[in-house]
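Engineer: Okay, predicted coordinates and the sequence, questions at the end:
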Amino acid sequence: MGLPEDYLDRVYAGVLGKVVGVYLGRPFEGWTHQRIARELGDITWFVHDKFGQPLVVTDDDITGTFTFLRALPDNSNRADISSRDIGRTWLDYIIEDRTILWWGGMGESTEHTAYLRLKKGMEAPHSGSVKTNGRIVAEQIGAEIFADGWALVSPGDPRQAARLAGEAARVSHDGEAVYAAQMIAAMEAAAFLETDIDRLIETAAALIPAGSTIARVTDEVRQWCAGEKDWLRVRALIEEKHGYEKYGGHVPVVSNFAVVLLALVLGRGRFQESLKIANTSGWDTDCNSGNVGCLLGIRGGLSIFDGPPDWRGPVADRMYMPTADGSRAITDAVQEAYRVATIGRALAGEQPAPAPKSGARFHFELPGSLQGFSVEPKVAGAVRIENTAGHSKEGRRSLAVRFGNALAAVPFAVTTPTFIPPDALAMKGYELLASPTLYSGQVLSVSVEADGNNMGPVSLSALIRMYGANDAQEQLFSPARMLAPGERAAITWTAPDTGGAPIFSAGIELTPSTVAAGSVYLDSLGWTGTPNVIFRRPAGGGELWRRAWVNAFDHHGTSWPEAFRLSQDRGTGLHMTGSREWTDYRASAAIASDMAADFGLAVRVQGLQRFYSLVVTSGGTAELRKTLRGTRILGSADFHRREGAACFFSVEAAGNRIRAGIDGKTLFDVIDQEEPLGGGGIALVCKEGCISANEVNVEPV
C-alpha cells in the first residue's frame with residue numbers, strides 16, 4: 001500500500017493536534033473534574049492566561065513523543081527496531097534530572113525508574129518490566145502519551161504502529177500500559193484511511209489481548225456511550241469503576257485511557273467538543289488531550305482547526321523540545337512534520353520528498369503555517385501576518401505581511417525564535433535547555449516580494465536579535481534594500497560577530513514609505529554554512545550566553561574567572577552547543593584540568609552517546625575516540641599531561657576524515673569508514689574530574 005497522497009498534510013495536522021491538545025490541558029494537569037468544573041468550567045479554548053503562564057511551554061508529552069521517534073533514523077529507519085534500540089535512544093538524548101521525564105524518583109516516576117535501570121546497564125525491555133519494577137509502577141500512563149509518533153510514521157498500517165508502540169512502551173512500561181499505547185497508535189495509524197471512530201476502535205482492539213483490562217475497559221466505555229448524549233454521565237461511571245484509587249500510582253493508565261475513549265466516542269470527531277471532554281474530565285489532562293488532538297488531526301486533516309475559535313494562530317506552530325541535542329529544542333510543527341514524514345517514507349520504502357525551496361528552514365509551504373513568526377512591536381491592528389497561496393519563486397505559498405494605514409516611516413519586524421525567546425526565559429516547569437540554531441559566520445538567505453498594488457516602495461533589511469551586554473536585547477541589520485511595488489528580491493547576509501552573545505531570533509524589518517496599506521510576502525528564510533565564532537564570556541557581561549550551552553555536567557561553576565568551569569562526579573559529562581547541520585569544521589580550545597580521568601574536546605556531537613572526541617587520559621595517552629553504541633578508539637598516542645596546565649586541543653572534521661592534535665602537533669588523521677557521524681555540534685568533555693576553559697573556537701575548513 002502506498003502512502004496517502006495527503007500524507008504530509010495529515011502528519012502536520014497530527015503534530016498540530018498533539019501540541020494544541022497539550023497546550024490546552026497543561027495549565028491544570030492533574031486536577032480533578034470537580035475542581036475544573038468549579039474553578040474553570042468547561043474547557044473550550046486555551047486558559048493559560050488565567051494562570052499567568054505562556055501558551056507555548058516545554059512539556060514531556062511533546063518532547064518525549066518526537067524524541068523517542070529518533071530511534072528510527074538513528075538506526076537506519078529499520079522497521080524491526082527493538083525495545084533495546086529505543087532504550088539506547090533514551091540514553092542518547094535524556095539528560096538526567098533535566099530533560100523530558102518527570103524526575104520523581106525511583107519507584108515514584110515510572111520513566112525515572114526505567115532510566116535509572118538503563119543507566120546502570122539493564123537493557124530494555126527488562127528496564128520497564130513488571131518483574132523488575134512491579135505492576136503499579138509499570139502500568140502508569142507514560143507509554144500512552146508517547147505513542148503518537150509511531151502512528152504518524154505508519155500511515156494506514158495499524159499493525160506496524162502497534163508493534164513499534166509496543167517496543168517503545170516496554171522501555172519503561174509493561175502490561176496494560178503497553179496495550180493502551182498500542183491501542184492509541186493503532187487507532188491513529190488507521191485514521192489515515194478510516195474516519196469512523198467505532199471502526200478505528202475495533203481495528204485497534206483486535207491487536208491487543210482480548211482478556212486484558214484495556215480490552216475490557218474499551219468494551220465498557222463503548223457500551224456506556226451507546227445512545228448516550230451526556231458525556232458527564234459516562235465520565236462519572238469511569239470515575240466510579242476505574243478511578244485512580246482502583247489502580248494505584250500517580251497517573252494510572254487505565255483511568256486516563258478510558259477518558260480518551262470517552263472523548264473520541266462522544267466528541268463524535270468534532271475537535272472542540274472532543275478536547276472539551278478530554279480536558280474537563282480531569283486527571284492527566286494534557287496527556288489525554290494530546291492523544292485526542294493528534295488522532296483527530298490525522299483523521300480530519302487541517303480542516304479540523306477551522307474556527308472559530310482560532311486554535312492555530314496563538315500557537316503559530318511553535319514547539320520546544322529540550323534534549324541533549326540542543327539544536328532541536330527550538331523548533332516548530334512544520335519542521336517536525338517534515339522530519340516525521342521522512343521517517344514514514346523510509347519505512348514505506350520511498351525516497352525523501354524534495355526539501356521545499358532549496359532546503360530553506362522557513363518556507364511556509366504547508367497551508368496555514370506560520371513557523372513561529374510574529375510581529376514586533378505589536379501595534380494593535382497595524383500589522384498582521386498570514387499564510388497565503390502564491391508569491392513564491394520555487395514553491396506554492398508564502399507568508400503575507402500586511403500593514404495598515406498611517407505606518408509611513410514606522411519600522412516593524414517580523415521574526416521567529418532561533419534560541420530561547422524572552423518570554424520563555426523564566427518559564428516554569430521543564431527547563432528549556434537549548435542551543436541556538438543560528439550563529440555568527442553563517443549566511444542568511446531571505447527571499448521576498450512586494451505586492452504589485454503597494455502605493456510606494458518599502459525599505460527592507462534582514463535582522464538578527466541577540467542577548468547582548470548584561471543580557472539586554474540588541475539588534476543587528478543587513479544593509480537596507482528598497483523594494484518597489486511588484487519587485488522580488490533575494491538578500492544574503494553573513495551573520496556578524498556577536499562577541500559571544502547568543503542570537504535569539506531572526507527575520508526581516510520593514511519600513512513602508514507611504515501611509516497607504518500594503519503587503520510584502522516573505523517567500524523563505526534560512527541560513528547555510530559553518531559558523532565562524534569564538535564562544536566566550538561576552539565583554540559586556542550577562543548570563544544568558546551560558547544558556548546557549550546544553551549542560552550535561554554535574555556541576556557548572558559560574559563565579560570563577562574562567563568562562564567555563566565544569567565538574568563531573570561520576571561517568572562522563574558533556575557541555576554542548578551547536579547543530580547537526582554543522583558538517584565540516586575545525587574546533588579548538590585550550591582546556592586545563594587539575595584532576596580528571598580524561599578530558600578534551602568533542603565534535604559532531606549528536607547526543608550524549610554520539611560524537612567524536614579527542615581526550616588526554618590519566619594513563620599517559622591521547623586518544624581519538626568515536627562514541628556510537630559504545631566507545632571505540634580510532635587512534636592512540638603517548639602523551640604526558642602536566643597537572644593544571646592547559647592543553648590546546650584541535651579537532652577537524654571534513655567528510656569522514658577526522659584530524660586531531662594537541663599543542664600544535666597533529667596526532668591523528670583517520671578516515672572513519674564505519675557509520676561515520678555526518679554532522680553535529682561541539683562539546684567540552686570530562687570524565688570524573690574538573691576542567692576549565694576560556695574560549696572555544698569553531699571555524700570552517
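Structural biologist: Structure received. Residues are numbered from 1 along each chain as shown.
Engineer: what kind of secondary structure is the spatially closest residue to residue 599 that is not a sequence neighbour in?
Structural biologist: Among residues not flanking residue 599 along the chain, residue 686 sits closest, at 4.3 Å (C-beta to C-beta, 6 or more residues apart in numbering). For glycine as for every other residue, the C-beta is placed from the backbone atoms N, C-alpha and C. Secondary structure, DSSP: H, G, I helix; E, B strand; the rest coil: residue 686 is strand.
Engineer: Verify the contact between residue 686 and residue 593 for me.
Structural biologist: Yes - with contacts counted by C-beta atoms under 8 Å, residue 686 reaches residue 593, the gap being 7.0 Å.
Engineer: Give me the mean pLDDT for the longest helix along the chain.
Structural biologist: What stands out as the longest helix in the chain, according to DSSP state H, is helix 7-25. Average pLDDT, helix 7-25: 98.
Engineer: again with stretch 681-688
Structural biologist: 98.
Engineer: And residue 686 and residue 593? Which one has more around it.
Structural biologist: residue 686 (27 against 24; other C-beta atoms under 10 Å).
Engineer: Quick one: residues contacting that one.
Structural biologist: By C-beta atoms under 8 Å, 6 or more residues apart in numbering, the contact set of residue 686 is 553, 566, 567, 568, 572, 573, 593, 596, 598, 599.
Engineer: what's the spacing between it and residue 310?
Structural biologist: 49 Å (C-beta to C-beta, to the nearest Å).
Engineer: what's the answer for residue 91, then?
Structural biologist: Residue 91 is 40 Å from residue 310, by C-beta to C-beta.
Engineer: So for these two, which residue has more residues nearby?
Structural biologist: Neighbours were counted for residue 91 and for residue 310 using other C-beta under 10 Å; residue 91 has more, 15 against 12.
Engineer: Give the helix, strand or coil label for that one.
Structural biologist: Note that with three-state DSSP, the state of residue 91 is helix.
Engineer: I figured it hits residue 119, correct?
Structural biologist: Yes - here residue 91 lies in contact with residue 119, judged by C-beta under 8 Å, at a distance of 6.9 Å.
Engineer: Specify the beta-bridge partners of the residue nearest to residue 599.
Structural biologist: Assessed by DSSP bridges, residue 686 has beta-bridge partners residue 573, residue 599.
Engineer: any idea how far it is from residue 591?
Structural biologist: Using C-beta to C-beta, which is the criterion applied here, residue 686 is 9 Å from residue 591.
Engineer: Also residue 30?
Structural biologist: Residue 30 is 44 Å from residue 591, by C-beta to C-beta.
Engineer: Of these two, which one has the most company?
Structural biologist: More crowded of residue 30 and residue 591, by other C-beta under 10 Å: residue 591, with 26 against 12.
Engineer: nearest spatial neighbour of that one, skipping sequence neighbours?
Structural biologist: In space, residue 591 is closest to residue 693, 4.8 Å off (C-beta to C-beta, 6+ apart).
Engineer: since we're on the one you found, how many residues are nearby?
Structural biologist: 23.
Engineer: Ok, residue 231 next?
Structural biologist: Residue 231: 20 surrounding residues under other C-beta under 10 Å.
Engineer: Look up the closest residue to it, ignoring the ones flanking it.
Structural biologist: residue 266 (4.4 Å).
Engineer: Ramachandran coordinates for that neighbour?
Structural biologist: The phi/psi pair for residue 266 (degrees, to the nearest 10) reads phi -90, psi -10.
Engineer: thought it was touching residue 226?
Structural biologist: No - using C-beta under 8 Å, residue 266 is not in contact with residue 226; the gap is 10.3 Å.
Engineer: got the residue ranges for the strands in the stretch 301-450 of the chain?
Structural biologist: Using DSSP state E, counting those that start in this stretch, the strands of the stretch 301-450 of the chain run over residues 318-320, 330-332, 374-376, 383-389, 397-403, 412-417, 443-450.
Engineer: pLDDT averaged over the second one - what is it?
Structural biologist: So that's strand 330-332. Per-residue scores along strand 330-332 average to 98.
Engineer: mind listing what that strand pairs with, with the direction of each?
Structural biologist: Strand 330-332 pairs in its sheet with strand 318-320 (antiparallel), by DSSP bridges.
Engineer: Now list whatever residues contact both of residue 686 and residue 591.
Structural biologist: residue 599.
Engineer: And for residue 7, nearest residue in space, chain neighbours not counted?
Structural biologist: residue 155 (5.6 Å).
Engineer: The one you found is in contact with residue 6, isn't it?
Structural biologist: No - taking contacts as C-beta under 8 Å, residue 155 lies outside contact range of residue 6: 9.8 Å.
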